[in-house]
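>>> Show me the folded form of this:
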Amino acid sequence: MNENERIKQEKNPLEVLEDLRRYAKTGFESIHPDDFLRMRWYGLYQQKPNVGHFMLRIKVPGGDLTVAQLRVVADVAKEYGGGFTDITTRQNFQFHWLTTETIPDILDRFQAVGIATSGACGDIPRNVTGCPVAGIDPTEIFDAQPYVESLHQFVLDNRDFSDLPRKFKLTVAGCCEHCSQPEINDIAATGVRRQLPNGEWENGFHVRVGGGLSSRPFMAKKLNMFVPLDRLNEVTGAVLTIFRDFGNRDNRKKARIKFLVDEWGIEKFEQEVRARLSWDPEPALDWPEPRKNFRDHMGVHAQKQEGLFWIGAVVLGGRMTAEQVYEVARIAEEYGNGSVRTTNQQNLLFAGVPQAKVDEAVKAVEAAGLTVFPNPIRRAAVSCTGNQFCNLALTETKNLIIEIVEHLEQAVPALDEPVRINLNGCPNGCGQHHIGDIGLQGCLVKQGPGQTVEGYDLSLGGRLGRDAKFVRPIWRRVPATDVKFAIANLLNGYLENRDDEDDFSTFVDRTSDDELAALMKTSFAEPATA
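Got it, this is the predicted structure:
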């Protein structure tokens, strides 16, 4: 039995809540070492530097927040979190610099406005993500936010699923463009619609299982079943039960459900799911997949509600000051319907803005330091937490993504399409570098005897959608200071050499590794080898 399994068997991690309150009185030094693992079930990690400080992650199902909830986010960031907070690629908020003594008050504040931290980390179902324009997008198949909320409540504090082999990521969306990235989730439900014999239409879901990134990425595989709306929780429960009972508990490196699906094959896995259901699902539909999964909902868009608009704004790197969060809440209340949604691209949007107020609202958003009409590079940039706070990261990311974007905005002014740059400080994939048009994975680069600098493995060609694929490596161990120049050379080379029918993805697909490397026009330490 590995150490994590021993700790979970001795006490269910959900029982650590009262210990957290006790430790707030007795101090950091009194924390039992095993409880540092159990704290993750309430969203708490020891942060780097470890001594006495924690990172906290909250759950925001579907990224949907009220103004009251957002103001508590700002309060916690200001009073306890060093004056800032980060939007994650799971539509959550993350806080740093928290201390043992402050934890109970923080948890109580979030609970008072309906925000949970239970299951935000740990070997348990995580935040249920979704489409940030659910219910307001004129092109959506149907509004899936009620099913996001239902699934969130189904797994929240559910002892049947509180001790899984590893973490479990869920997403539910009715967006026709699959913006919730179903291909890289442990379980993903995407909206479909079928016509019944009587001519009426029925909404439902297709379900994928076994997606995930980290050091061994896998694309999720689709179950051959049409899932009625009211059966989604039952299917999810069946998948969770299989993972709980058959997932690898000996080797944590192979403990994600993606390894189980890969080992069994999707046909056997589906048989096991069907055996645990109270009804016999009909086959999946012949449903079209979007070609390329990039839809960020940024800019100004008309809602399905007549006369109302949403405003999507880029938060570069996902980091916001407490003052910015307060201002976002004010703008949402004054100009919109009091709703703010976060996105898995670390951005946010304002819903329910009357047409007469759009121009004024846009000016207010831009004045708050956010970008409503971004450059294609700024629009599509994502980064993980980096080594400022993460114990696993090798490199700094938040400042570097800003540096890269600002350089490219000046150096590649003719770029006319979004090109996703995903920056990650280690192989674990929080910044999702495996699916970026340009994926950067942090590493250390030797530059002489006893001297190392931060660097990145540079890979190209990742995407989701109908032609989903992971990146392929082009250069390894590129010094961090050279990355922005290499990307600028690459993008300008693309603009000079592309055909009329090319976008960046198709150009990368038809160009050899050596040709792509040559376009970067910089001497690096190590070319990638097959």
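
>>> show me where the stretch 401-530 of the chain has strands.
421-424, 438-448, 451-460, 472-479, 526-527 (DSSP state E, counting those that start in this stretch).

>>> Comparing those, which stretch has the densest surroundings?
Scoring those by mean neighbour count under mean count of other Cβ atoms under 10 Å gives strand 421-424 as the most buried, with a mean of 28. Glycine gets a C-beta too; all of them are placed from N, C-alpha and C.

>>> Give the other helices and strands that it contacts.
strand 381-383, helix 398-411, strand 438-448 (3 or more Cβ pairs under 8 Å, 6 or more residues apart in numbering; DSSP states H and E).

>>> strand partners of it, parallel vs antiparallel please.
Using DSSP bridges, the strands paired with strand 421-424 are strand 381-383 (parallel), strand 438-448 (parallel).

>>> Could you list the low-pLDDT ranges of the protein?
For the chain, the stretches flagged by pLDDT under 70 are 293, 522-530.

>>> Next up, phi/psi of the residue positioned nearest the centre of it, please.
The centre of the chain sits closest to residue 89, judged by Cα atoms, centre = their mean, with a distance of 2.4 Å. Dihedral angles of residue 89 (phi, psi; degrees, to the nearest 10) stand at phi -80, psi 0.

>>> so what's residue 388 up against?
The contact partners of residue 388, taken as Cβ atoms under 8 Å, 6 or more residues apart in numbering, are 48, 396, 397, 398.

>>> from memory the first one sits against residue 390, does it?
Yep, that's residue 48 we're talking about. Yes: judged on Cβ atoms under 8 Å, residue 48 makes contact with residue 390 at a distance of 6.2 Å.

>>> which residue sits closest to the residue nearest to the centre of the chain, ignoring its sequence neighbours?
Spatial nearest neighbour of residue 89, chain neighbours left out: residue 344 (5.1 Å); criterion: Cβ to Cβ, 6 or more residues apart in numbering.

>>> What strand or helix carries the one you found?
Residue 344 belongs to no helix or strand when assigned by DSSP states H and E.

>>> What's the local residue count around it?
24 (other Cβ atoms under 10 Å).

>>> re the thing from before, my guess is the residue nearest to the centre of the chain meets residue 343, correct?
No: using Cβ under 8 Å, residue 89 makes no contact with residue 343, being 9.0 Å away.

>>> Could you give the bridge partners of residue 312?
The partner residues for residue 312, given DSSP bridges, come to residue 299, residue 349.

>>> mind listing what it touches?
296, 297, 298, 299, 300, 301, 343, 347, 348, 349, 372.

>>> Determine which two of those residues are furthest apart.
The two members of those with the most space between them (Cβ to Cβ) are 300 and 343, at 15.4 Å.

>>> Those two - which one has more neighbours?
Taking neighbours as other Cβ under 10 Å, residue 300 and residue 343 compare with residue 343 leading, 27 against 18.

>>> Dihedrals phi and psi, the more buried one?
phi -120, psi 160.

>>> Most remote residue from the middle of this structure, which is it?
Farthest-from-centroid check, the chain (Cα atoms, centre = their mean): residue 198, 40.4 Å.

>>> Okay, and it sits in which element?
Here residue 198 is assigned to no helix or strand, by DSSP H and E.

>>> SS state for residue 56?
Secondary structure state of residue 56, per DSSP: H, G, I helix; E, B strand; the rest coil, is strand.

>>> Run through the residues that contact it.
43, 44, 81, 94, 95, 98, 103, 106, 117, 120.

>>> Would you verify that the fifth one is located in a helix?
No: with the criterion set as three-state DSSP, the secondary structure at residue 95 is strand rather than a helix.

>>> related to what we said a few turns ago, want to throw the strands of the stretch 401-530 of the chain into JSON lines with distance to residue 232?
Shown next, in JSON lines, are the strands of the stretch 401-530 of the chain (distance: least, Cβ to Cβ, whole Å):
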{"stretch": "strand 421-424", "distance to residue 232": "29"}
{"stretch": "strand 438-448", "distance to residue 232": "32"}
{"stretch": "strand 451-460", "distance to residue 232": "35"}
{"stretch": "strand 472-479", "distance to residue 232": "35"}
{"stretch": "strand 526-527", "distance to residue 232": "46"}
